[in-house]
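Return a 3D structure for these sequence lines:
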Amino acid sequence: MMSKKFAWLLAAALALSACGPAAPAATPTPTKTLTPAVQPTEAPIDTPAPPTDTPVPTIEEPPTATATAIPATDTPAAEATQPVATDTPVAAATNPPQPSGGFASMRSPDFGAQAFLWWRGEIADRDLTLMKNSGFQWVKQWFAWDDIEAAGKGQYDWSIPDRIVQQTEEHGLKLLVRVDREPAWAGPPPQNTQHLVDFLNALATRYKGRIDAIQIWNEPNLAREWGNQPPNPAQYAQMLRASYQ
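Modelled structure (predicted):
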């Protein structure tokens, strides 16, 4: 009987305890939350591309010459000969060939050359022969007034001019005479014009028909030929006019 009663009491106690206010629940202590540390982000680094290998040209080895054996052949040895001395022929002296048909001739127009025939007659003869054989028709020779009339007015020495005129005729050449270089007594040009005219008259009279032309004075455009004065064309023209009268 007692056991049954005790059971009811225990059940009532449990019921009461279930209906009473519940005991407050303990507030949990907040726990510190750990913030994960921020890891630094590494900046990307440009990695240089590995160098590209430059292709190296391949050097080809030159072909190696292959020696080819050439079979030896017997070459007959040249027989040693002793040179025989021979006499060197000596050319016989011959005269130079003469042009066929005679010597050259230039007739149109006439050609001539300056000569210096005054001093030695044999040299003059040689030069005149050469000129004739070369085909010239004219020879020009200087007759210095001072060489012919140096002693004084009207005192002439025609010995050398006579020879020159004669030799020129013998060689069949035409003679052109140049007259200049006044004697000291006559004075320089143009003051000596009348003395020059008198000399030219004597020259033309002596060699009339034998002298083919006369040149009056030499290079009158030069001061040294015109009495060391400035050349004067008008005065030279007056000299020519007087000389040809």
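
And the helices in the chain, which stretches?
Assigned by DSSP state H, the helices in the chain fall at 2-19, 121-133, 145-148, 159-170, 193-206, 233-243.

ok, now which ones touch the residue nearest to residue 175 when sequence neighbours are not counted?
Distances taken as CB to CB, 6 or more residues apart in numbering place residue 168 nearest to residue 175, at 4.6 Å, with adjacent residues excluded. C-betas here are computed from N, CA, C, even on glycine. Going by CB atoms under 8 Å, 6 or more residues apart in numbering, residue 168 touches 117, 128, 139, 141, 174-175.

And residue 230, by the same measure?
Contact analysis of residue 230 by CB under 8 Å, 6+ apart lists residue 223.

and it, how far is that from residue 239?
Distance, residue 230 to residue 239, by CB to CB, to the nearest Å: 15 Å.

what's the answer for residue 112, then?
From residue 112 over to residue 239 (counting by CB to CB), the distance is 24 Å.

Number of residues surrounding residue 234?
Neighbour count for residue 234, taken as other CB atoms under 10 Å: 7.

hang on, isn't residue 139 packed against residue 172?
No. Contact criterion CB atoms under 8 Å: residue 139 and residue 172 do not qualify, at 10.6 Å.

Which one's more surrounded, the two?
residue 139 (25 against 9).

Look up the residues forming beta bridges with that one.
For residue 139, the beta-bridge partners under DSSP bridges are residue 113, residue 175.

quick one: contacts for it?
112-115, 117, 128, 131, 168, 173-176.

Tell me which two of the contacts of residue 168 sit farthest apart.
Spatially, the most separated pair among those is 117 and 174, at 13.9 Å (CB to CB).

and these two? which has more neighbours close in?
residue 117 (21 against 16).

Can you check the distance spanned by stretch 131-140, start to finish?
End-to-end distance for stretch 131-140, by CA to CA, to the nearest Å: 11 Å.

JSON lines for the helices of the chain, including distance to residue 183 and mean pLDDT?
Converted to JSON lines, those look like this (distance: least, CB to CB, whole Å; pLDDT from 0 to 100):
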{"stretch": "helix 2-19", "distance to residue 183": "189", "mean pLDDT": "55"}
{"stretch": "helix 121-133", "distance to residue 183": "24", "mean pLDDT": "96"}
{"stretch": "helix 145-148", "distance to residue 183": "4", "mean pLDDT": "97"}
{"stretch": "helix 159-170", "distance to residue 183": "15", "mean pLDDT": "98"}
{"stretch": "helix 193-206", "distance to residue 183": "8", "mean pLDDT": "97"}
{"stretch": "helix 233-243", "distance to residue 183": "16", "mean pLDDT": "95"}
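
a markdown table for these, including distance to residue 181?
Putting the helices of the chain into a markdown table (distance: least, CB to CB, whole Å) gives the following:
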| stretch | distance to residue 181 |
| --- | --- |
| helix 2-19 | 182 |
| helix 121-133 | 20 |
| helix 145-148 | 5 |
| helix 159-170 | 14 |
| helix 193-206 | 11 |
| helix 233-243 | 14 |
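
Of all those helices, which one is nearest residue 226?
With CB to CB as the criterion, residue 226 lies closest to helix 233-243 of the helices of the chain, at 7.8 Å.

Could I get the CA-only coordinates of that closest one as CSV?
Coordinates of each C-alpha in helix 233-243 appear next as CSV, following Å, rounded to 0.1, in the frame of the first residue of the first chain:
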residue,chain,number,x,y,z
PRO,A,233,97.8,101.6,-137.1
ALA,A,234,97.2,105.0,-138.8
GLN,A,235,101.0,105.7,-139.0
TYR,A,236,101.6,102.2,-140.4
ALA,A,237,99.0,102.8,-143.1
GLN,A,238,100.8,106.0,-144.0
MET,A,239,104.1,104.0,-144.3
LEU,A,240,102.4,101.5,-146.6
ARG,A,241,100.9,104.2,-148.8
ALA,A,242,104.2,105.9,-149.2
SER,A,243,106.1,102.6,-149.9
